[in-house]
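> The sequence and its predicted three-dimensional model are supplied below.
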Amino acid sequence: MTCDACIDFYDGDEPVVFTEHDRQARKKHRCCECRRDILPGEIYREERGLWDGEWEMFRTCNDCLSVRAAMTCRYQYGELWAEVADFVSDVCGDVPEDCLATITPLARERLCALIEEIWVLEPGGDSNSHEQA
């Protein structure tokens, strides 16, 4: 099953050199997408590359990897959740169910929270916090 979304938000050059490895954390790291701590024992993806003459390394937790795999065609590190939020807004919260089915439970919880925010903000939503007195 594949997700019907194809978020494409990369506007740079491809790396000249690139490697990726799934690793088990021996110490705490920070996910480049959601900024949460990747704790010792967790599996994460480490990606290294040479972009515009500069070596860079990115660590991504499995939850963000699942969203990236399910919903993006091309991406820029560190922008995943902002771009997903824009996508959710653009489709008025109508995210294809197959997208939700293929991501991890924690990522699904975060994506559903974004969808709920959009539904509440839509005209006719049930939130009183946006009504004018």
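Cool, got the structure.
> What's the local residue count around residue 108?
Other residues within reach of residue 108, judged by other Cβ atoms under 10 Å, total 17. In short, each C-beta sits where N, CA and C put it, glycine included.
> In contact with it, which residues?
Counting by Cβ atoms under 8 Å, 6 or more residues apart in numbering, residue 108 makes contact with residue 100.
> Against residue 8, how distant is it?
In this view, residue 108 and residue 8 are 22 Å apart by Cβ to Cβ, to the nearest Å.
> Then residue 32?
Distance from residue 32 to residue 8, counting by Cβ to Cβ: 19 Å.
> neighbour count winner among these two?
Higher neighbour count among residue 32 and residue 8: residue 32, with 21 against 10, using other Cβ under 10 Å.
> Run a quick neighbour tally on the residue nearest to residue 51 when sequence neighbours are not counted.
Distances taken as Cβ to Cβ, 6 or more residues apart in numbering put residue 15 closest to residue 51, at 5.0 Å, once the chain neighbours are dropped. Taking other Cβ under 10 Å as the neighbour definition, residue 15 ends up with a count of 16.
> Quick check on residue 15: phi, psi?
Main-chain torsions, residue 15, degrees, to the nearest 10: phi -70, psi 150.
> Any idea how far the biggest helix by length in the chain is from the middle of the chain?
The helix that spans the most residues within the chain, counting by DSSP state H, is helix 105-121. Taking Cα atoms, centre = their mean, to the nearest Å, the mean C-alpha location of helix 105-121 is offset from the chain mean by 12 Å.
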